[in-house]
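S.K.: Give me a model of this one.
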Amino acid sequence: MSSLGDLTVSAFLDAVASDDPAPGGGAVAALVTAQAAGLAAMAGRFSIGRSTGTDSATIDEIVAEAERLRAESAPLADADAAAYEAFLAAVRLPREPDAEGRARAVSTALSAAADVPLATAEAAARVVELAGQLVVDGNPNLRGDALAAAMLAAAAASTAAVMVAENLARTPDDGRIARAAKAAAAARRSADAALGRFGVVAEEVLG
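M.R.: Okay, here's the model as predicted:
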């Protein structure tokens, strides 16, 4: 299969809506994270030259990190689809004569599949932070785009955290579940804070 990032938007949407389970939620979350990072980078570019808080990154640094996160997140969509295919291959192994070997293969595939959405959740949480800073310190004309980046990335972080928990349902004590949940919670807090900076406008639109 060609890279999901090389598909047209229409073709990608068709792939998501098809009767093939991959690409699924994890791949979509990865691409939403990449898109949110792109929005943050764009809002940052229109904000270069503006000052930020003394404890905050410079606008140039925000743009550079947003671009890094965009570049890192997009390939996670393909990685997620590949991890799911590896899981399916393990599930399809014959139960006999090596049932234990098959069980180990399935467990290994599920564990590996959890790493991808975990990376997405943590990247998305950082995108929310960057976008939130642009809501405060960026170009006022791009505040809506910065807020959109924050809200989209927060949703992607929560989605990815769900995928981590699902993949590790057989091992509920795995620390990656807590890491993903922590990233998602931090993303939601940062997005709520960014939304709050819109004041009455946000209240009227979103309640």
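
S.K.: Can you pull the phi/psi pair for the residue of the chain lying at maximal distance from its centre?
M.R.: Here the chain reaches farthest from its C-alpha mean at residue 97, the gap being 40.0 Å by C-alpha atoms, centre = their mean. Dihedral pair for residue 97: phi -90, psi 0, per degrees, to the nearest 10.

S.K.: In contact with it: list those residues for me.
M.R.: Contact analysis of residue 97 by C-beta atoms under 8 Å, 6 or more residues apart in numbering lists nothing. C-beta here means a position set from N, CA and C on the backbone, and glycine is covered the same way.

S.K.: wait, doesn't residue 102 sit right on residue 90?
M.R.: Yes - with contacts defined as C-beta atoms under 8 Å, residue 102 counts as touching residue 90 at a distance of 7.1 Å.

S.K.: Just give the number of residues close to residue 18.
M.R.: Using other C-beta atoms under 10 Å, residue 18 has 10 neighbouring residues.

S.K.: Which phi and psi values does it adopt?
M.R.: Backbone phi and psi, for residue 18 under degrees, to the nearest 10, turn out to be phi -70, psi 180.

S.K.: 135 is where my numbering starts, stick with that
M.R.: All right, first residue 135 from here; so that's residue 152.

S.K.: Which secondary structure state does residue 305 sit in?
M.R.: coil (DSSP: H, G, I helix; E, B strand; the rest coil).

S.K.: if I look at the closest residue to it other than its chain neighbours, how far off is residue 201?
M.R.: Excluding its sequence neighbours, the residue lying closest to residue 305 (C-beta to C-beta, 6 or more residues apart in numbering) is residue 245, at 7.5 Å. To residue 201, residue 245 is 31 Å away according to C-beta to C-beta, to the nearest Å.

S.K.: show me where pLDDT drops low in this protein?
M.R.: Scanning the chain with the threshold set as pLDDT under 70 gives 135, 184-191, 333-341.
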